[in-house]
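1. I would like the atomic coordinates for the input below:
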Amino acid sequence: MSQQEEKIQELEQRIKVLENHTNPKLPGLRILWFIIWGFVGLFLILILIGVIQFVSA
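-> The predicted structure is shown next:
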């Protein structure tokens, strides 16, 4: 087996893992993760704004 074929197989395995990860059995779980990441993102943005204001003050 050539190196290229090995790399292709490795990529295919990674894609399968990602597909399984992004398509959970429960659709509600996906929505829950989306909400959690949304809150985490907002929180990080607010902290960043606070730090910027604190530094510039």
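2. for the rest of this, base every contact and every neighbour count on C-alpha atoms.
-> Will do.
3. what's the burial count for R30?
-> By the criterion of other C-alpha atoms under 10 Å, R30 has 15 neighbours.
4. per-residue pLDDT, it?
-> Looking at R30, its pLDDT reads 75.
5. the one 10 residues further on now?
-> Note on V40: pLDDT of 96.
6. what does K25 give?
-> Looking at K25, its pLDDT stands at 65.
7. same question for the one 10 residues further on.
-> The per-residue pLDDT reported for I35 equals 92.
8. just the element for it, please.
-> According to DSSP states H and E, I35 maps onto helix 27-56.
9. so for that helix, what gets flagged as buried?
-> Within helix 27-56, no residue counts as buried by 16 or more other C-alpha atoms under 10 Å.
10. show me how far that helix is from its chain's centre.
-> 13 Å (C-alpha atoms, centre = their mean, to the nearest Å).
11. which other helices and strands contact that helix?
-> Helices and strands touching helix 27-56, as assessed by 3 or more C-alpha pairs under 8 Å, 6 or more residues apart in numbering; DSSP states H and E, are absent.
12. for the one helix or strand Q4 maps to, list every residue counted as buried.
-> Per DSSP H and E: Q4 is located in helix 3-22. Residues of helix 3-22 classed as buried by neighbour count (16+ other C-alpha under 10 Å): none.
13. and it with helix 27-56, angle?
-> Using axes from the mean of the first three to the mean of the last three C-alpha atoms, to 10 degrees, the inter-axis angle of helix 3-22 relative to helix 27-56 is 100 degrees.
14. neighbouring contacts of helix 3-22?
-> The contact list for helix 3-22, computed with C-alpha atoms under 8 Å, 6 or more residues apart in numbering, reads R30.
15. same thing but at 7 Å, please
-> The contact list for helix 3-22 (C-alpha atoms under 7 Å, 6 or more residues apart in numbering) is empty.
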